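**Q** Here is my input; please provide its structure:
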Amino acid sequence: MLLADKISDMSGEELFSIFKPFLFIVPLIIVIIVGVYCFKAYKKTAVKRMFMYMNTTGLAEKDKREYLAKYLQAGNQCCPVCAKKYSLKTEETNARGDKVEKWNYDGCPYCKTQVRRKTVDNYAYFYLERKPTNDAKEAKYAKTFEALNKLIDFYKPYIDCTPDASDDRISVEITFR
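**A** Below you'll find the model as predicted:
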């Protein structure tokens with residue numbers, strides 16, 4: 001009651017001066033929200049951007065192979081077919097009802113795509129495996145998978161796994177004073 005009496009006695013300028021510090025936060029919050037939205041929209045277009053780059057003429061085959069290898073890297077945790085981010089570890093329940101963290105060997109949980117590597121003569125070549133889903137976007141996933149598979153078959157992206165000559169040497173410096 002006492003607070004209501006004090007507020008009713010205040011003028012509009014006094015009330016505005018109370019809320020004025022909070023009004024500076026509103027544009028900052030709006031900028032953050034717009035920034036997050038733009039970042040998510042940019043990440044959603046990863047597949048389209050990859051196909052635009054790969055379909056560009058006049059680029060060297062080596063550059064396209066390196067770009068495709070970088071795009072397919074497993075460390076990205078981003079699916080190359082649906083461009084959704086997924087975790088490399090999942091939580092499951094064991095027989096006793098305890099939650100257990102396990103590695104996600106099944107690939108993307110949304111479109112069931114797995115990026116695999118086959119090592120041949122110190123080179124790890126990429127290839128894709130996919131299981132059909134019951135999702136409404138299955139036709140889109142299948143079309144993207146086939147187009148990406150054609151690019152992988154043509155460019156054969158790989159990672160060089162040749163051991164470096166300096167990998168087996170360790171140098172340690174010890175100084176006594």
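**Q** For the host helix or strand of residue 148, enumerate the helices and strands it packs against.
**A** Here residue 148 sits within helix 138-155, counting by DSSP states H and E. The elements that helix 138-155 packs onto, with contact taken as 3 or more C-beta pairs under 8 Å, 6 or more residues apart in numbering; DSSP states H and E, are helix 46-54, helix 61-71, strand 123-130. From N, CA and C alone the C-beta is placed, and that goes for glycine too.
**Q** Centre-most residue in this protein?
**A** residue 78 (3.7 Å; C-alpha atoms, centre = their mean).
**Q** How about it: what's its closest non-neighbour residue?
**A** Nearest residue to residue 78 in three dimensions, chain neighbours excluded: residue 85, at 5.2 Å (C-beta to C-beta, 6 or more residues apart in numbering).
**Q** of all the helices and strands packed on helix 138-155, which lies closest to residue 171?
**A** Closest to residue 171 of the helices and strands packed on helix 138-155, according to C-beta to C-beta: strand 123-130, at 28.6 Å.
**Q** neighbouring strands for that closest one, and are they parallel or not?
**A** strand 113-120 (antiparallel), strand 158-160 (antiparallel) (DSSP bridges).
**Q** from the middle of its chain, how far away would the last one be?
**A** In this case it means strand 158-160. 21 Å (C-alpha atoms, centre = their mean, to the nearest Å).
**Q** can you pull the buried residues of stretch 38-56?
**A** 46-47, 50, 54 (16 or more other C-beta atoms under 10 Å).
**Q** With stretch 73-93 instead?
**A** 78-83, 86.
**Q** Now do that stretch: everything it contacts.
**A** With contact meaning C-beta atoms under 8 Å, 6 or more residues apart in numbering, stretch 73-93 is reached by 43-47, 50, 71-72, 99-104, 107-111, 113, 115, 117, 128, 130, 137, 141, 144-145, 148.
**Q** which of the residues you listed are buried?
**A** For the contacts of stretch 73-93, buried by 16+ other C-beta under 10 Å: 46-47, 50, 71-72, 107-108, 110-111, 113, 115, 128, 130, 141, 144-145, 148.
**Q** Need the per-residue pLDDT for residue 37.
**A** Residue 37 carries a pLDDT value of 96.
**Q** Please report phi then psi for it.
**A** phi -60, psi -40 (degrees, to the nearest 10).
**Q** roughly how far apart are it and residue 110?
**A** Separation of residue 37 from residue 110 (C-beta to C-beta, to the nearest Å) stands at 21 Å.
**Q** go on, residue 11?
**A** To residue 110, residue 11 is 57 Å away according to C-beta to C-beta.
**Q** For the chain, give me the ranges with low pLDDT.
**A** 1-4, 74-76, 164-169 (pLDDT under 70).
**Q** who's residue 90 bridged to?
**A** Applying DSSP bridges to residue 90 yields these beta-bridge partners: residue 102.
**Q** Cool, thanks, talk later.
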